[in-house]
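> pasted the sequence and its predicted model underneath.
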Amino acid sequence: MANIVTSFCCVVLAAVVVVYAQRRSQQGGRIQYEKISSDVTMQCGSLDNDASVTWKVNGTDVKARRREEGPRLILMEVNMSSNGLYSCFQNPDGQRRDQINLRVGFPPKEPQVTCRSNTYPRGFYCSWHLQHPTFIPTDFEVDVQHNQRPLEVTRDTVHKNRCHVKFPELFSSSPYYVNVTAVNSLGRASTTISFEESSIVKPDPPEKVVAKPVANNARRLEVTWNSPSTWPDVETFPLKYFLRYRPLIRDQWQHVELSDSTSHTITDAYAGKEYIIQLAAKDMEIGTWSDWSVAVHATPWMEEPKPITSTTESDVIPETTPGPPSAAPRVGEPTAACSTLLWSTHLLLACVLLSIM
């Protein structure tokens, strides 16, 4: 009975080893990250220094500049073409001993960080990016502090390089500190920025902008819009608006600043000219102007030309009663001219005969 249990355990263990080896093979071996332009050393498993091995990359011979020292492969000044799955086989039986997935890239530089509140007074968000690609996976660590206390940071579910922070208090004069650290297998780099609450307030642009002509007025356009839907409390924290417009035939904009209103009538439009219209929004007291809204186009009202229906007496053509149609000459019927000519011929012939007699 003990032998049967022992045999069963050995079979199970062998199956586990096979599955593990297959999964490791499917995953492409262990990953090794290295810096571009550096010399890279890859070790074939745990073989002794005097072991003899053969290296292949993606199933073919290694053609890059290299040096081989026992179980080690040294690639010279690697670049992006050096990426690949490297396999080593022990001589002379040719058994594969190791697989290395080489990935080359750069350590990160300091990220660029900006913060903005478009949902004031609820909170703000910060976003960041790297000016230069690293070509290998890079993560970001974010730390936000206010009054020397860390604040809760929520990572955005859609934008991977963005986080959200709630304001711990309003109308605070104490600065906020945001630190973003870029980290990958080759290094790390950090950027810290500071700001006051009032300096990052920037609404989203106005929405649903509509421009229509005003009936019976060739120089007016009626413009309406909605507050940005992301602004949570427009009653308590009202917005002011900046309207700009111009005809397509000109490059110069005309501007109107409006307080706490979501409509305006343009009264100096050029008759019959198409206009382009945009709006921006801003908190009444703090922050900066939003970006411009999506442009809309409109043309002032134009009177339709009236059709010409009246005529004078001299232009009237008198009506005439048509007479009976003239009889068309029929084929073979002699006309009056033909009859006269025939009679003259007979008379001349008679005169000639009398003179002979």
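It's in.

> please list all residues in contact with Tyr86.
Residues counted as contacts of Tyr86 (Cβ atoms under 8 Å, 6 or more residues apart in numbering) are Gly29, Met42, Trp55, Lys56, Val57, Val62, Leu73, Gln99, Ile100, Asn101, Leu102. In this view, the C-beta of every residue, glycine as well, is placed from N, C-alpha and C.

> quick check on those residues: which are buried?
Gly29, Met42, Trp55, Lys56, Val57, Val62, Leu73, Gln99, Ile100, Leu102 (16 or more other Cβ atoms under 10 Å).

> would you mind measuring from Arg30 to Ile100?
6 Å (Cβ to Cβ, to the nearest Å).

> cool, Gln43 as well?
To Ile100, Gln43 is 8 Å away according to Cβ to Cβ.

> Pro305 now?
81 Å.

> just Ile308 next, same as before
90 Å.

> next: Gln148.
For Gln148 relative to Ile100 (Cβ to Cβ), the value is 46 Å.

> wait, Thr288 touches Lys202, no?
Yes - using Cβ atoms under 8 Å, Thr288 is in contact with Lys202, at 5.0 Å.

> quick one, strands of the stretch 151-300 of the chain?
With strands called from DSSP state E, counting those that start in this stretch, the stretch 151-300 of the chain shows them at 154-155, 162-166, 176-184, 187-195, 207-213, 221-226, 239-247, 254-259, 263-266, 275-283, 296-298.

> off-centre distance for the first one?
Between the centre of strand 154-155 and the centre of its chain there are 24 Å (Cα atoms, centre = their mean, to the nearest Å).

> could you do the fourth one as well?
Counting by Cα atoms, centre = their mean, strand 187-195 is centred 29 Å from the centre of its parent chain.

> for it, give me every contacting residue.
By Cβ under 8 Å, 6+ apart, the residues outside strand 187-195 that reach it are 107-115, 128, 175-182.

> rewinding a little: mutual contacts of Thr288 and Lys202, please.
Listed contacts common to Thr288 and Lys202 are Lys282; contacts here mean Cβ under 8 Å, 6+ apart.

> who has more neighbours out of these two?
A count of neighbours by other Cβ atoms under 10 Å puts Lys202 above the other of Thr288 and Lys202, at 19 against 14.

> mind listing what the more buried one touches?
Counting by Cβ under 8 Å, 6+ apart, Lys202 makes contact with Arg116, Ser117, Asn118, Lys282, Gly287, Thr288, Trp289, Ser290.

> same deal with Arg30?
Going by Cβ under 8 Å, 6+ apart, Arg30 touches Gln99, Ile100, Asn101.

> likewise Pro232?
Contacts for Pro232 (Cβ under 8 Å, 6+ apart) come out as Thr119, Tyr120, Pro121, Arg122.

> longest single strand anywhere in this protein?
strand 95-105 (DSSP state E).

> follow-up on the earlier one: closest one of the buried ones among the contacts of Tyr86 to Val214?
Leu102 (69.6 Å; Cβ to Cβ).

> ranges for the helices of the stretch 201-350 of the chain?
Here the stretch 201-350 of the chain has its helices, by DSSP state H, counting those that start in this stretch, at 336-356.

> low-confidence stretches in it?
Where the stretch 201-350 of the chain drops to pLDDT under 70, the residues are 309-350.

> try 90
Residue ranges of the stretch 201-350 of the chain with pLDDT under 90: 260, 303-350.

> can you check the stretch 51-200 of the chain too?
In the stretch 51-200 of the chain, residues with pLDDT under 90: 92-93, 170.

> please give me every residue in contact with Ile136.
By Cβ under 8 Å, 6+ apart, the contact set of Ile136 is Tyr33, Arg103, Val104, Gly105, Phe106, Asn184, Ser185, Leu186.

> where's stretch 155-162 relative to the chain centroid, distance-wise?
Using Cα atoms, centre = their mean, the offset of stretch 155-162 from its chain centre is 18 Å.

> check stretch 290-297 too.
Relative to its parent chain, stretch 290-297 has a centroid offset of 16 Å by Cα atoms, centre = their mean.

> and for stretch 291-301?
Distance of stretch 291-301 from its chain centroid, counting by Cα atoms, centre = their mean, is 21 Å.

> list the buried ones in that stretch?
Quick answer for stretch 291-301 (16+ other Cβ under 10 Å): Ser293, Val296, Ala298, Thr299, Pro300, Trp301.

> of the contacts of Pro232, closest to Thr265?
Using Cβ to Cβ, these come closest to Thr265 at Tyr120, 29.7 Å.

> specify the local secondary structure of the closest one.
Three-state call for Tyr120 (DSSP: H, G, I helix; E, B strand; the rest coil): coil.

> tell me the contacts of it?
Residues in contact with Tyr120 (Cβ under 8 Å, 6+ apart) are Val201, Pro203, Trp231, Pro232, Phe237, Asp283, Gly287.

> do you know how far the last one is from Glu69?
Meaning Gly287. Gly287 is 63 Å from Glu69, by Cβ to Cβ.

> higher neighbour count, those two?
Set Gly287 next to Glu69 and count neighbours by other Cβ under 10 Å: Gly287 wins out with 21 against 9.

> tell me how far the residue most central in space within the chain lies from Leu279.
Residue closest to the mean C-alpha point of the chain, counted by Cα atoms, centre = their mean, is Val294 at 14.0 Å. Look at Val294 and Leu279: by Cβ to Cβ, they are 10 Å apart.

> cool, and Trp128?
29 Å.

> ok, these two, which is more surrounded?
Leu279 (25 against 21).

> identify the residues contacting the more buried one.
Counting by Cβ under 8 Å, 6+ apart, Leu279 touches Pro205, Pro206, Val209, Val223, Trp225, Tyr241, Phe242, Leu243, Arg244, Trp292, Ser293.
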